[in-house]
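J.: Got a predicted structure plus its sequence, pasted below:
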Amino acid sequence: MSKDPNFTETDLFSFEAGPAKLKKSRSKKAEGESPKPRRTKKSIPAPAPEPEEETAAPEGETKASSLWADKYWEFDITHPSAEIKDAMKSSMVEEGFTKREANRVFKGLTFKEKVFNTKRQAKEYLKTIPTTYAVKYKIGIEPSPQMISLERRLKEKQERLASYSKEQNEKKFSADFITCPHCKSRVNTSFIHPPVCPVCGEDMRSDTAVKTIHSLEEAVKDLSKRSEDAARKHNSKFTGGERWIIRTINPVKEEE
């Protein structure tokens, strides 16, 4: 060894001890801290799954079983059948049908190339078909003078019937309590469905009013039939345009 006073003797192993102690101190410091969470794929929230089409309707949404039993739709013949089905399905889903229920409505749907002279005639035929069905009826044919006259008279009678019935109901059932002319029961008008008496089931309107209403109803029924017969006979002579009319059946309603 050198005896130089300016020379300081150093242990060669001290260089190795230093880093080891530093590493140990860092280790102790790390033990005092809470470990940081490791980022993994599980920490990323997964996207919510899309609702399935057959899931139950949300609370407050109308159920298909409480909707219509049958319904009529009309479309121009220029629309393809697939487009017509999509339009009806979209409308039914908005009403409260699930997509599965809507598909059941279209089961057996047939677009029949059968043309009727009038819309009423087409409806009468569709009522005989137990499943969803589509036919055509004629449009765009100029009505005959007889048809115009019958339609005018029919409209007048319908307006007269509606006006007279409303007038009689307001006159008879405007008070809080009324007496039935048949069973003499005194009933609260808030708990009845005019014009039927809740006790005896008879019409509580006057005999004159009942006869007048019945006469108007018969006149409307007769003119309606004559108008329809005239239209069928007249339209059968012409080709005219055509329009789809579809009657859909709600199978869920039938099950209930």
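T.: All right, it came through fine. Numbers count the residues shown, from 1 in each chain.

J.: Tell me where the stretch 1-150 of the chain has strands.
T.: For the stretch 1-150 of the chain, the strands defined by DSSP state E, counting those that start in this stretch occupy 70-76, 110-116, 133-139.

J.: orientation of the last one relative to strand 70-76 in degrees?
T.: Using axes from the mean of the first three to the mean of the last three CA atoms, to 10 degrees, the direction of strand 133-139 lies 50 degrees away from that of strand 70-76.

J.: Tell me which helix or strand comes right after the helix or strand hosting Arg232.
T.: Per DSSP states H and E, Arg232 falls inside helix 207-235. Using DSSP H and E, the next helix or strand after helix 207-235 towards the C-terminus is strand 241-249.

J.: distance between that following strand and the chain's centre?
T.: 19 Å (CA atoms, centre = their mean, to the nearest Å).

J.: domain assignment for this structure?
T.: Annotated domains of the chain cover 65-141+250-255, 145-237 [automatic domain parsing].

J.: Of all the strands of the stretch 1-150 of the chain, which one is nearest Lys253?
T.: Ranking the strands of the stretch 1-150 of the chain by distance to Lys253, with CB to CB as the measure, places strand 70-76 first at 8.4 Å. Placement of C-beta: from N, CA and C, glycine included.

J.: List the buried residues for the closest one?
T.: Residues Lys71, Phe75 are the ones in strand 70-76 that count as buried (16 or more other CB atoms under 10 Å).

J.: again, but for stretch 175-193
T.: Those would be Ile178, Cys180, Val187, Ile192, for stretch 175-193 by 16+ other CB under 10 Å.

J.: would JSON lines of those with secondary structure, distance to Lys127 and pLDDT be doable?
T.: As requested, those are exported to JSON lines (DSSP: H, G, I helix; E, B strand; the rest coil; distance: CB to CB, whole Å; pLDDT from 0 to 100):
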{"residue": "Ile178", "secondary structure": "strand", "distance to Lys127": "39", "pLDDT": "88"}
{"residue": "Cys180", "secondary structure": "coil", "distance to Lys127": "37", "pLDDT": "88"}
{"residue": "Val187", "secondary structure": "strand", "distance to Lys127": "38", "pLDDT": "87"}
{"residue": "Ile192", "secondary structure": "coil", "distance to Lys127": "33", "pLDDT": "79"}
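
J.: Now the residue nearest the centre of the chain. Nearest residue, chain neighbours left out?
T.: Geometric centre of the chain, nearest residue: Glu95, 1.5 Å, by CA atoms, centre = their mean. With sequence-adjacent residues excluded and distances taken as CB to CB, 6 or more residues apart in numbering, Glu95 is closest to Leu67, at 6.0 Å.

J.: my guess is the one you found contacts Ile249, does it?
T.: No - contact between Leu67 and Ile249 fails when scored by CB atoms under 8 Å: they sit 11.9 Å apart.

J.: between these two, which one's more packed in?
T.: Ile249 (22 against 16; other CB atoms under 10 Å).

J.: Which residue, neighbours along the chain excluded, lies closest to Ala175?
T.: Nearest residue to Ala175 in three dimensions, chain neighbours excluded: Thr189, at 6.6 Å (CB to CB, 6+ apart).

J.: before we move on, the earlier item: pull the most distant pair out of the buried residues of stretch 175-193.
T.: So, the buried residues of stretch 175-193 by CB to CB: farthest apart are Cys180 and Ile192, at 9.6 Å.

J.: Point out where this structure drops to low pLDDT.
T.: 1-62, 254-256 (pLDDT under 70).
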